[in-house]
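>>> just a sequence and a predicted model for now, questions to come.
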Number of protein chains: 2
Amino acid sequence: MKMATVDNGTPDGTLVTVSDDLAHCARAGLSLQHLLDGWEDADLPEPSAAPFDPTDALAPLPRAPQFLDGSAYLNHVELVRRARGAEMPERLWSDPLMYQGCSAPCLAAQAPIVCDPGWGTDFEAEIAVITGPVPRGASPKQAAAAIRLVCLINDISLRLLIPDELSKGFGFVQSKPPSAFSPVAATPEALPGWSEGRLSGILRVDLNDEPFGRADAGVGMAFDFAQLIAHAARTRDLPAGTIIGSGTVSNAGKDGPGRPVAQGGVGYSCIAEQRMIETIESGAPKTPFLRPGDRVRIWMEDADGRSIFGAIEQTVVPA
Amino acid sequence: MKMATVDNGTPDGTLVTVSDDLAHCARAGLSLQHLLDGWEDADLPEPSAAPFDPTDALAPLPRAPQFLDGSAYLNHVELVRRARGAEMPERLWSDPLMYQGCSAPCLAAQAPIVCDPGWGTDFEAEIAVITGPVPRGASPKQAAAAIRLVCLINDISLRLLIPDELSKGFGFVQSKPPSAFSPVAATPEALPGWSEGRLSGILRVDLNDEPFGRADAGVGMAFDFAQLIAHAARTRDLPAGTIIGSGTVSNAGKDGPGRPVAQGGVGYSCIAEQRMIETIESGAPKTPFLRPGDRVRIWMEDADGRSIFGAIEQTVVPA
């Protein structure tokens, strides 16, 4: 089943069920948060003849109770750390990197990206899951059973603020503003590419209508979502509506960190990785961070070329 | 005005207004989150003859959209950093330390503290404010006008997990489990000790019925709440219901970092600071972290000795 949230004048919006081809929908008469609070009792309408327009959608949870973002694609971690002169510790292969992110507001797929010249604004295309309640100390198996929905996110990152903020030792606040979400979220059962806590398939990223990233989300994810959820729940209960992010999707190449799309590679799901490759190859980055007027598009397609979650389509505007 | 949230079987609970002496209450017919979403339209009942029992209260917001915790008392920052061998950078006098914390669940004042022998479980007594909506880039003056309520929190900290987690560079997740909240929150106007974004008055902390902390929350707070909110809002809108913490209340002494209550000082609002003092004085800490059966009590009193917010009263239980 697929679903989306549309505006009804309340902070949480109201839920619609959406047809598999994203063409039709039906009002469910409650918010997604309310549905998640009592998921077992759900009696949702089948999508009707009413048309669905993905550009009308809010984030599935416009204000979620919690967002914990992992960094499960270690090719990304290695490249971004190298870019800021930091080491990639061996332990990150067994102990997931994760930060507590901003869960409210969660931005709509069409929300503008606010950009200040001093921020070094970047996108990060990720997969995310939305959970039901998870008890403290849950095993990965228990965690897997709590996965309710899957969607895409753009975890906007302010690269030029990150080194200074992280040097204070307490993680991201100002350097990770709110993230944008795909118009549609889908249950794992509705996703042929879902298997054992990972979603396979090309995560498509275009920058200004040119292909920028074509990485496979099923490749290079060192921890599956069940492991990420269990990590998050080690010392706390997770409430229904918790969002767990995969971290920036990133595929290594056969003999290194991959290549940009323009050089025949699968490219990258954020600008920072491509800048690192440019630095390695030529001593300096060439691709600028986002500037007003830039357009970012993030989506996935099924085997027939149809959009699975609808597209995150954001235009950059000045702060 | 004072208010509290009591259980009605829903995740957000239901709001009651509470008399100034915490003896009586009246049902408001909505949740605090709903009230905050439309604060200007509020028409709340006066507390009636119905008795109020603070031990029945949930957290004011059992699931808040966001919790950002500052570290405004730099005596605490300096002591805790010294305890783990880290430096106190000069810039922390002008650039607030702040981390994105767990906003859901927010624990009730009577919730047990779950404790594992390997965690080094500690309390941290703090002041917190709950805001209305704050636009991105708000000035401290705008931020001050968005402060809706003030309360107390126990920001439970797992000291033995912190150094390892922070060394990964992304801040706290496992080492900062959910915080507990005072039964009652009060508008700034209802607090004689509130002035210019700070709350003056003794923050009382007892450990196992012995005085442990008697620091004045109005002393040593290097950044007021308006500055902390503006810091949090630099690159994001803050939704109604955002909780901003002060950090552990801590008073320096006349000629150093203060003294334990047993030595005639005002003591500390967390065990870690007292352990650091012991280490400085005798080479090793003496006070253990929390163990099953320990009892922590955190409260403030008005000039007549009446509890202002009710007490956070937690007993430690094994994980």
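Happy to help now that I have it. Numbering: from 1, shown residues only, chains lettered A, B, ... in the order given.
>>> ok and the residue in the stretch 101-250 of chain A nearest chain B?
Relative to chain B, the nearest point of the stretch 101-250 of chain A is A:Gly171 (2.0 Å; Cβ to the nearest Cβ). Any C-beta I mention is one placed from the backbone N, CA and C, and that applies to glycine too.
>>> tell me the secondary structure at that residue.
coil (DSSP: H, G, I helix; E, B strand; the rest coil).
>>> how about it: what's its closest non-neighbour residue?
Leaving aside its sequence neighbours, A:Gly171 sits nearest to B:Gly171 (Cβ to Cβ, 6 or more residues apart in numbering or on different chains; 2.0 Å).
>>> got the buried residues for stretch A:43-55?
Across stretch A:43-55, burial judged by 16 or more other Cβ atoms under 10 Å in any protein chain shown covers A:47, A:52, A:54.
>>> what of stretch A:199-206?
A:199, A:201-206.
>>> what is the worst-scoring helix or strand of chain A on mean pLDDT packed up against?
Within chain A, no helix or strand scores below helix A:74-83, which has a mean of 83 by mean pLDDT, DSSP states H and E. Packed against helix A:74-83, as judged by 3 or more Cβ pairs under 8 Å, 6 or more residues apart in numbering or on different chains; DSSP states H and E, are the following elements: helix A:271-282.
>>> roughly how far apart are the nearest residue to A:Asn208 once chain neighbours are set aside and A:Gly70?
Distances taken as Cβ to Cβ, 6+ apart put A:Arg295 closest to A:Asn208, at 5.5 Å, once the chain neighbours are dropped. Applying Cβ to Cβ, to the nearest Å, the value for A:Arg295 to A:Gly70 is 27 Å.
>>> so these two - more neighbours on which side?
Under the criterion of other Cβ atoms under 10 Å in any protein chain shown, the comparison of A:Arg295 against A:Gly70 puts A:Gly70 first, with 26 against 14.
>>> how far off helix A:271-282 does the least confident helix or strand of chain A point, in degrees?
Interaxial angle, helix A:74-83 versus helix A:271-282 (axes from the mean of the first three to the mean of the last three Cα atoms, to 10 degrees): 60 degrees.
>>> contacts only, for A:Val6.
A:13-14, A:16, A:56-58 (Cβ atoms under 8 Å, 6 or more residues apart in numbering or on different chains).
>>> partners of it in the sheet?
When assigned by DSSP bridges, A:Val6 has beta-bridge partners A:Thr14, A:Ala57.
>>> pLDDT score assigned to it?
With respect to pLDDT, A:Val6 has a value of 98.
>>> separation between it and B:Val296?
45 Å.
>>> before we move on, the earlier item: residues touching the residue nearest to A:Asn208, list them.
Per Cβ under 8 Å, 6+ apart, neighbours of A:Arg295: A:206-209, A:313-316.
>>> in JSON lines, list the contacts of A:Val6 along with neighbour count and pLDDT.
Putting the contacts of A:Val6 into JSON lines (neighbours: other Cβ atoms under 10 Å in any protein chain shown; pLDDT from 0 to 100) gives the following:
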{"residue": "A:Gly13", "neighbour count": "23", "pLDDT": "98"}
{"residue": "A:Thr14", "neighbour count": "19", "pLDDT": "97"}
{"residue": "A:Val16", "neighbour count": "26", "pLDDT": "98"}
{"residue": "A:Asp56", "neighbour count": "17", "pLDDT": "96"}
{"residue": "A:Ala57", "neighbour count": "27", "pLDDT": "98"}
{"residue": "A:Leu58", "neighbour count": "25", "pLDDT": "98"}
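>>> picking up where we left off before, farthest pair within the buried residues of stretch A:199-206?
A:Leu199 and A:Asp206 (19.5 Å; Cβ to Cβ).
>>> near chain B, which residues of the stretch 201-319 of chain A are found?
For the stretch 201-319 of chain A, the contact set with chain B under Cβ under 8 Å from any Cβ of the partner chain comprises A:231-232, A:234-237, A:239-240, A:242, A:319.
>>> hang on, the residue nearest to A:Gly171 packs against B:Cys102?
No. Using Cβ atoms under 8 Å, B:Gly171 makes no contact with B:Cys102, being 11.5 Å away.
>>> does A:Arg297 have beta-bridge partners, and which?
Beta-bridge pairing for A:Arg297 (DSSP bridges): A:Asp206, A:Glu313.
>>> for the stretch 151-300 of chain A, just list every one of the helices.
A:162-167, A:225-232, A:271-282 (DSSP state H, counting those that start in this stretch).
>>> quick one: distance of the first one to the chain centre.
What it means is helix A:162-167. 22 Å (Cα atoms, centre = their mean, to the nearest Å).
>>> got the buried residues for that helix?
A:162, A:165-166.
>>> which residues of chain A score low on pLDDT?
Scanning chain A with the threshold set as pLDDT under 70 gives A:84.
>>> ramachandran angles for the nearest residue to A:Trp39 once chain neighbours are set aside?
Of all residues not flanking A:Trp39 in the chain, A:Gly132 sits nearest, at 5.5 Å (Cβ to Cβ, 6+ apart). Dihedral pair for A:Gly132: phi -80, psi -170, per degrees, to the nearest 10.
>>> A:Gly132 touches A:Leu149, doesn't it?
No. Counting by Cβ under 8 Å, A:Gly132 sits too far from A:Leu149 to count as a contact (9.6 Å).
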